[in-house]
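Asks: coords below, sequence missing:
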């Protein structure tokens with residue numbers, strides 16, 4: 001009986017701590033700088049610099065080379081030109097190491113867009129996109145959350161879903177609408 005009670009409490013705590021993308025549309029996006037990789041080469045990605053060129057699609061994903069994250073990377077890669085045509089930059093972020101991101105950027109992102117290494121989980125936590133809120137007990141694995149950020153730094157759109165399938169289409173629709181409303 002006691003084991004069942006403890007197990008029930010633990011399951012309840014895990015469900016209660018799951019991320020719910022608490023950053024809302026209209027909020028200011030936290031600025032950040034991360035080491036990132038594109039095409040197997042590293043560079044420093046700074047959100048404020050990227051926003052000078054147009055909207056940024058920032059998507060968090062749990063783990064490089066896992067099935068859902070690979071599907072999502074492939075879909076973003078296939079649509080990278082569509083995002084660029086609408087004037088948007090892409091960056092994926094997970095708590096994987098830089099070495100992993102270097103490989104993932106070439107193999108799964110197909111050299112089309114960068115992925116950032118947030119191995120200490122600082123950016124993931126700043127966007128309240130952690131899968132489990134561990135109260136600072138180690139790095140935070142990201143939930144699957146996509147943000148579209150306007151050049152003024154405001155969040156235009158937030159989409160959280162563990163399935164990778166709607167993130168790309170939804171984000172691209174928001175970017176295209178923003179572009180139509182801001183043709184210059």
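Replies: Looks like it arrived, so ask away. These numbers come from a predicted model, not from an experiment.

Asks: Which pLDDT does the model give residue 14?
Replies: We have a pLDDT of 35 for residue 14.

Asks: How about the one 5 residues further on?
Replies: Note on residue 19: pLDDT of 41.

Asks: and if you look at residue 86?
Replies: With respect to pLDDT, residue 86 has a value of 95.

Asks: Quick check: pLDDT value at the nearest residue to residue 26 once chain neighbours are set aside.
Replies: Nearest residue to residue 26, sequence neighbours excluded (CB to CB, 6 or more residues apart in numbering): residue 154, at 6.2 Å. Every C-beta, even on glycine, is put in place using the N, C-alpha and C of the backbone. Residue 154 is assigned a predicted lDDT (pLDDT) of 97.

Asks: Could you check how far residue 154 is from residue 148?
Replies: Counting by CB to CB, to the nearest Å, the separation of residue 154 from residue 148 is 10 Å.

Asks: just checking, residue 62 is part of a strand?
Replies: No. Read with DSSP: H, G, I helix; E, B strand; the rest coil, residue 62 is coil and lies in no strand.

Asks: next one: phi and psi at residue 163?
Replies: Main-chain dihedrals, residue 163, degrees, to the nearest 10: phi -80, psi 140.

Asks: coming back round to it: between residue 154 and residue 148, which one's more packed in?
Replies: Higher neighbour count among residue 154 and residue 148: residue 148, with 26 against 13, using other CB atoms under 10 Å.
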